[in-house]
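[1] Okay, here's the prediction I keep looking at, along with the sequence it came from:
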Amino acid sequence: MAHSLADNNPPVETRMPAEPAPQKAGRFAIEARTLRKVYKASGNQPAKEALKGIDLAIPRGSIFALLGPNGAGKSTFINILAGLVIKTSGAASVWGFDIDVNPRQARASIGVVPQELNIDPFFTPAEVLEMQAGLYGVPKRERRTMEILAAMGLEDKADAYARTLSGGMRRRLLVAKAMVHNPPVLILDEPTAGVDIELRRQLWDYVKGLHARGTTIVLTTHYLEEAEALCDTIAIIDRGEVVCCEPKEQLLARISDKKLIVRPAAPVAALPAALAGLKAEIRPDGALAIQYNPAETGVMAILGQIGAAGIEIGDISTEESDLEDVFLQLTAPH
Ligand code: ADP
């Protein structure tokens, strides 16, 4: 049979008993120290330093987002942890197991949900999970096929051919597959790329459910909304470097700026020169958005300037800054 069973979860030869991980690393699900990866030059592709010696510690029990633009190095990082890419230098450990010293235990401690929906269409979800459990050496009596399928809302599809599953169900099946060996850490690589908004929320609920039952979740994403909605801790990675790693609230509090949204009574074609001193823009819907720091500038002063510039104010509101503002500020071209 030439079925592709392995994809992103490399088989381990025997199942690792739940050994206690080294105590000193007990707080972290994943730890990287000056982790570096240089892809060698090939053909006319120059060598690429995808990870520039990153330090990252992901606490146990967190829902952690690795957020960054395309090409930032997110997949390289998780593929090193999963044993799919060989690091150039530095160190990494999963659940306290160093990937060099205890590679099998490190791999047994994570399940990776790949981006691609590559599931053999002729197997049923129950068969997919049974085979994956076999690959990981999970003894028959310890398999939890139906329990995992139920947790992912696929109980009634257990015996349906995978080809009859919708995109959202396939994605949930991949999450289920990554959970068969009961890893304490689940890594989701861009879990909702190309998934419509309703399915995205559904998948978030399932992921939250797994987290509530004790699994540490790490997800890579370039959707700010996803990191903001789902995660308690966020690392932003850009061009192979970690530019910040902090609890979500702390990250959001970094930006003290607010936005004042002014809807002119009559449309404004361009910003009057008198407002050049404000951080203002005209939005596509015609509203003026003015960024300001409440500690420095009062709303009344700004409104006065707008009135003096000849704009009649129809309506006003304010907006808090969001993760997008933080993200743009931290990953601005330099
Ligand atoms: P992300 O997952 O954040 O989009 P990647 O880890 O995939 O980023 O890529 C980081 C950088 O490394 C990119 O510039 C990418 O082109 C490069 N890269 C990734 N995989 C390879 C590879 N197998 N060979 C050469 N360069 C690669």
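    It's in. What you are looking at is a predicted structure, and each value in this text was computed from that prediction instead of being measured.

[2] hmm, stretch 49-59 touching the ligand?
    Yes: with Cβ under 6 Å from any ligand atom as the measure, stretch 49-59 is seen reaching the ligand through residue 50. (Glycine included, C-beta is placed from N, CA and C.)

[3] partner residues bridging the residue of the stretch 151-300 of the chain found nearest the ligand?
    Nearest residue of the stretch 151-300 of the chain to the ligand (Cβ to the nearest ligand atom) works out as residue 220 at 6.3 Å. Beta bridges link residue 220 to residue 66, residue 189 when assigned by DSSP bridges.

[4] Around it, how many other residues sit close by?
    Residue 220 sits with 26 neighbouring residues when counted by other Cβ atoms under 10 Å.

[5] Could you do the one 4 residues further on as well?
    By other Cβ under 10 Å, the residues close to residue 224 number 19.

[6] Now do the helices in the protein.
    Taking DSSP state H, the helices of the chain run over residues 74-81, 103-108, 125-135, 145-151, 167-178, 197-212, 224-230, 248-253, 299-308, 323-330.

[7] And for the longest one, what's in contact with it?
    With contact meaning Cβ atoms under 8 Å, 6 or more residues apart in numbering, helix 197-212 is reached by 63, 151-153, 167-168, 171-172, 175, 179, 186, 188, 191-192, 195, 217, 219, 226, 229-230.

[8] Close to the ligand: what parts of the stretch 51-200 of the chain are there?
    Within reach of the ligand by Cβ under 6 Å from any ligand atom, the stretch 51-200 of the chain has these residues: 68, 70, 71, 72, 73, 74, 75, 76.

[9] Excluding chain neighbours, what is closest to the second one?
    Read that as residue 70. Excluding the flanking residues, the one nearest residue 70 by Cβ to Cβ, 6 or more residues apart in numbering is residue 222, at 6.3 Å.

[10] for the third one, same thing?
    With sequence-adjacent residues excluded and distances taken as Cβ to Cβ, 6+ apart, residue 71 is closest to residue 239, at 7.8 Å.

[11] One more: the first one?
    Counting by Cβ to Cβ, 6+ apart, residue 237 is the residue found nearest to residue 68 once chain neighbours are left out, at 4.0 Å.

[12] Make sure the one you found is actually in contact with residue 75.
    No: with contact defined as Cβ atoms under 8 Å, residue 237 does not count as touching residue 75 (10.7 Å).

[13] Which one of these two is surrounded by more residues?
    Between residue 237 and residue 75, counting by other Cβ under 10 Å, residue 237 is the more crowded of the two (24 against 20).

[14] For stretch 225-245, what does the pLDDT average out to?
    Stretch 225-245 comes out with an average pLDDT of 90.

[15] er, stretch 199-215 actually
    87.

[16] Next, the buried residues of it.
    Within stretch 199-215, the residues that count as buried by 16 or more other Cβ atoms under 10 Å are 199, 200, 202, 203, 204, 206, 207, 210, 211, 215.

[17] where does the stretch 1-150 of the chain have low pLDDT?
    1-25 (pLDDT under 70).

[18] for it, what spans make up the strands?
    28-39, 48-59, 63-67, 89-94, 97-98, 110-113 (DSSP state E, counting those that start in this stretch).

[19] what about the closest residue to residue 293 other than its chain neighbours, how many neighbours?
    What sits nearest to residue 293 in space, not counting adjacent residues and going by Cβ to Cβ, 6+ apart, is residue 257, at 5.3 Å. Residue 257 has 16 neighbours, counted by other Cβ under 10 Å.

[20] Likewise for residue 281?
    Neighbours of residue 281 (other Cβ under 10 Å): 12.

[21] separation between the residue nearest to it when sequence neighbours are not counted and residue 224?
    Among residues not flanking residue 281 along the chain, residue 289 sits closest, at 5.4 Å (Cβ to Cβ, 6+ apart). Plainly put, residue 289 is 18 Å away from residue 224 if you go by Cβ to Cβ, to the nearest Å.

[22] hang on, the earlier thing: wait, the residue of the stretch 151-300 of the chain closest to the ligand touches residue 75, no?
    Yes: assessed by Cβ under 8 Å, residue 220 is found in contact with residue 75 at 6.8 Å.

[23] anything in contact with each of the two?
    With Cβ under 8 Å, 6+ apart, residue 220 and residue 75 have common neighbours residue 189.
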